[in-house]
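Visitor: predicted model, plus sequence, below.
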Amino acid sequence: MTELIEIPAPDGTAQALVARPSTGEGPFPGVILYMDAFGIRPRIEEMAQRIADWGYVVLAPNVFYREGTVEELRPSTDMTTPEGRQSAGEVAFPRVGRLTADKAVADAAAWVEALRSLDGVAPGPLGTTGYCMGARLAVRTASTHREIAAAGGFHGAGLATDTPDSPHLGLPDARARFVFLHADHDRSMDPEAVARLGDALGGAGLTASNEIYPGAAHGYTMADTSAYHEEAAEEHFRRLRELLDATLKDRPAA
């Protein structure tokens, strides 16, 4: 049960995918799903619906709304080959650089408000999960909105850099429980960066897991790309469900 809606955003109108549980009566806790650089497409819809069927309302915003619509930004190549994935990346990756930290933080407030306003979303804590560059957005959202009680980051990129706007620097302001499952041999999140992220999580006193999945490439959850690793993707779903259920269900409203 998915639909594409339009919501107000800081620099215009943004489309967002909404997925609702196939069965059961609400209200349900809300979750923001941050896509990877390749945008909203059938694989993101599948993932959003799978999470929704655990008993959640999922909002997956088109975070590149300044660049175009969901349809306009959808990959036009077969990404199941390394060549096709690289070709799609050459088109998509420049957009990532243009989504600055300031824009991402401003947008996050719009996504939280939009999720809160959806029919059937329960009051109380929210969750978020992000993929590749979306993991950065999940961390920034959790760091600027204390109502985020659960945050997942999977094959995340650039989560703990030496730049002054690195996402990990905002963790002292977060109140979420975090789960990170990094890709092995990932140039965008090397062991040094993973350790830096772990130190930041510990220093902020946050409950978190921060692990590397051996043998999985950056992008391992994305079944429509050559990076897909079925076992790692299923492990990600297992850990994400455990995180969301433990933090968002059977809790009193805030």
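Guide: Looks like it arrived, so ask away. All values reported here derive from a predicted model rather than from experimental measurement.

Visitor: stretch 1-13: how far from the chain's middle?
Guide: The gap between where stretch 1-13 is centred and where its chain is centred comes out at 17 Å by CA atoms, centre = their mean, to the nearest Å.

Visitor: list of residues touching that stretch?
Guide: 14-22, 45, 48-49, 52, 61, 65-66, 70, 103, 106-107, 110-111, 114 (CB atoms under 8 Å, 6 or more residues apart in numbering). All C-beta atoms are positioned from the backbone trio N, CA, C, and that covers glycine.

Visitor: swap in 7 Å and give it another go.
Guide: Stretch 1-13 has contacts (CB atoms under 7 Å, 6 or more residues apart in numbering) with 14-20, 22, 45, 48-49, 65-66, 70, 106-107, 110, 114.

Visitor: centroid residue for this structure?
Guide: What sits nearest the mean C-alpha location of the chain, by CA atoms, centre = their mean, is residue 130, with 1.5 Å.

Visitor: in contact with that residue, which residues?
Guide: Residue 130 makes contact with 34, 136-138, 153, 156 under the criterion CB under 7 Å, 6+ apart.

Visitor: which of those lies closest to residue 76?
Guide: Of all the contacts of residue 130, residue 76 sits closest to residue 34, with 22.2 Å by CB to CB.

Visitor: so the closest one makes contact with residue 139?
Guide: No - assessed by CB atoms under 7 Å, residue 34 is found out of contact with residue 139, at 9.7 Å.

Visitor: compare those two (neighbour count), which wins?
Guide: Per other CB atoms under 10 Å, whichever of residue 34 and residue 139 has more neighbours is residue 139, with 32 against 28.

Visitor: what sits closest to that one if chain neighbours are left out?
Guide: Leaving aside its chain neighbours, residue 139 sits nearest to residue 167 (4.1 Å; criterion: CB to CB, 6 or more residues apart in numbering).

Visitor: what would the contacts of residue 130 look like in JSON lines with distance to residue 185?
Guide: Listed next are those as JSON lines, based on distance: CB to CB, whole Å:
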{"residue": "34", "distance to residue 185": "23"}
{"residue": "136", "distance to residue 185": "20"}
{"residue": "137", "distance to residue 185": "24"}
{"residue": "138", "distance to residue 185": "22"}
{"residue": "153", "distance to residue 185": "18"}
{"residue": "156", "distance to residue 185": "15"}
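
Visitor: is it true that residue 206 touches residue 171?
Guide: Yes - taking contacts as CB under 7 Å, residue 206 lies within contact range of residue 171: 6.5 Å.

Visitor: Three-state assignment for the closest residue to residue 64 other than its chain neighbours, please.
Guide: Nearest-residue entry for residue 64: residue 95, 5.0 Å, with adjacent residues in sequence omitted and distances by CB to CB, 6+ apart. For residue 95, the assignment made with DSSP: H, G, I helix; E, B strand; the rest coil gives helix.

Visitor: that concludes my questions; thank you for your assistance.
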